[in-house]
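Visitor: Based on what follows, work out the 3D shape:
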Amino acid sequence: MWAWTTLLGLVALVWLSRHIPLTRSERTDRPLASDSYEGPPADPPRVSVVVAAKDEEANIRGCIETLLNQDYPDFEVIAVDDRSSDRTGAILDELARRSDRLSVVHVTELREGWYGKNNAMREGIARATGEWLCLGDADCRQISERSLSMAVRHAVDGGIDFLSVLPIMRTPGFWERVLQPVCGAIMIFWFRPEKVNDPRSKTAYANGAFMLIRRDAYERMGGHEPVKTEVNEDMHLARICKQQGLRLAVVQNRDLYTVRMYQGFAQTFRGWSRIFYGCFKSFRRLLISLTTLTLISLSPWISLAIGLVGLLAGGGSGWTAVTVAAAAACVVQLTVMWRFYRVSQADRRYFITYPVGCVIAVGMLVNAMLKLGGLMRITWRGTRYRADRSTG
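Guide: The predicted structure is shown next:
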């Protein structure tokens, strides 16, 4: 009992220590916002916005219309219809007839040796004329007309070669509100923003929802060719960026754009399993994530349940100590998560569901391990991909 109680005390201290980076983040981190700068750079470079869409008829109109409505003085939008079987292509063609800024590329076949989105982006970028490339997803919606202006100004003023503006998650569904913050926390465990933004650190991260890259930096990185078979090409492009000695940065956004990554439980589970597989590509990292999640996040709740059962069964002071230590760890954990949900702009009413999300995230990590071991196939947007065996 003594060892168990001591372990729970250490877990509580770990959670207590996490208030420190949260406090630092609240004081020093400044999300990019519509009022961050007066406007775009004095001599605004031309920007090519490239969006790939496969079966996105529910999202594509809102995505493209809000991009076309940007106040940036010199930009084009290239939308790539990637083998869609719904009305995505027709909607894009309709929008293109109404705007000279928009051009549409229809991809009818998947290039041999390429994954779908990577191939679509390659096709779109081949037609781009901008000095900067802004790569986005079809499920994004700009809620500000100044997104491009603020992002380009931030990158140019900061000497940044590759800027990833992190999204505000749009989570209308119950399970999205439960699972998205937990999965985001797992990513932050490995890819802390301050390390990503430190040129001396090897830590690299990017979110494909909004990536702004200098054209010459993109070409120096080899374009999409080195990541043509990656399911999380954004992460691997970020890694190559740092390997090439280029300046990588991530920044949160306060009021620029939102994204609804997944809809419902099943899609969220599959999507994050794919992300964990594609980002970590390592049994070691997946196992560390799984062990940490179980030990730090779930063990206090499991111990609390066992301790209460022990007390109800007439247990002595040992059970009391375990129960009190477990309860303390649970309370501290929830205070941290309440603050984390606020900082990450998640729905704070759902912070109490964090343990439930952790249980499901364990299943996602196990699923990613099975994919990594070749025991499960990766299926996304109607295309099946081979999961490589890798133990690196």
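
Visitor: And Val107, how far from Ser84?
Guide: According to Cβ to Cβ, to the nearest Å, Val107 and Ser84 sit 9 Å apart. (C-beta placed from N, C-alpha, C; glycine too.)

Visitor: meant to ask about Ala326
Guide: From Ala326 to Ser84 the distance is 51 Å (Cβ to Cβ).

Visitor: Who has more neighbours out of those two?
Guide: The neighbour comparison of Ala326 against Ser84 (other Cβ atoms under 10 Å) goes to Ala326, with 26 against 23.

Visitor: So the more buried one sits against Leu304, correct?
Guide: Yes - look at Ala326 against Leu304 with Cβ atoms under 8 Å: they come within range, at 3.9 Å.

Visitor: give me the number of residues near the closest residue to Pro45 other than its chain neighbours?
Guide: Computed as Cβ to Cβ, 6 or more residues apart in numbering, the closest residue to Pro45 that is not its neighbour in sequence is Glu131, at 4.0 Å. Applying other Cβ under 10 Å, we find 15 residues neighbouring Glu131.

Visitor: Spit out the contact partners of Glu131.
Guide: Shown in contact with Glu131 (Cβ atoms under 8 Å, 6 or more residues apart in numbering): 45-47, 214-215.

Visitor: how about 6 Å then?
Guide: 45-46, 215 (Cβ atoms under 6 Å, 6 or more residues apart in numbering).

Visitor: Now do the buried residues in the strand or helix carrying Leu287.
Guide: Counting by DSSP states H and E, the element that carries Leu287 is helix 283-292. Buried residues in helix 283-292, defined by neighbour count with 16 or more other Cβ atoms under 10 Å: 285-286, 289-290.

Visitor: Three-state assignment for Val324, please.
Guide: helix (DSSP: H, G, I helix; E, B strand; the rest coil).

Visitor: Likewise for Leu212?
Guide: Leu212 ends up strand, using three-state DSSP.

Visitor: Pull the number of nearby residues for it.
Guide: Leu212, neighbours per other Cβ under 10 Å, totals 24.

Visitor: Just give the nearest non-adjacent residue to it, would you?
Guide: Looking at Leu212 with Cβ to Cβ, 6+ apart, the closest residue is Leu163, at 4.4 Å.

Visitor: how is this protein carved up into domains?
Guide: Structural domains assigned to the chain are 2-24+280-385, 45-178+190-264, following automatic domain parsing.

Visitor: ranking those by burial, who's on top?
Guide: Mean neighbour count (mean count of other Cβ atoms under 10 Å) peaks for domain 45-178+190-264 among the domains of the chain, with a mean of 19.

Visitor: how far does it stretch from start to finish?
Guide: This stretch, domain 45-178+190-264, spans 40 Å end to end (Cα to Cα, to the nearest Å).

Visitor: neighbouring contacts of stretch 30-38?
Guide: 144, 146, 150, 153-154, 165, 251-255.

Visitor: Quick one: the strands in this structure, in order.
Guide: 47-53, 75-82, 102-107, 132-137, 140-142, 162-166, 168-169, 210-214, 248-252, 257-259, 378-380, 383-385 (DSSP state E).

Visitor: Surely Cys140 is in contact with Arg260?
Guide: No - checked against Cβ atoms under 6 Å, the pair Cys140 and Arg260 is beyond contact range at 8.8 Å.

Visitor: that older thread, pLDDT and distance to Ile352 added to the contacts of stretch 30-38, as a markdown table?
Guide: Formatted as a markdown table, the contacts of stretch 30-38 follow (pLDDT from 0 to 100; distance: Cβ to Cβ, whole Å):
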| residue | pLDDT | distance to Ile352 |
| --- | --- | --- |
| Ser144 | 97 | 31 |
| Arg146 | 98 | 36 |
| Met150 | 98 | 34 |
| Arg153 | 98 | 39 |
| His154 | 98 | 35 |
| Val165 | 97 | 30 |
| Val251 | 96 | 29 |
| Gln252 | 95 | 24 |
| Asn253 | 96 | 26 |
| Arg254 | 95 | 25 |
| Asp255 | 96 | 27 |
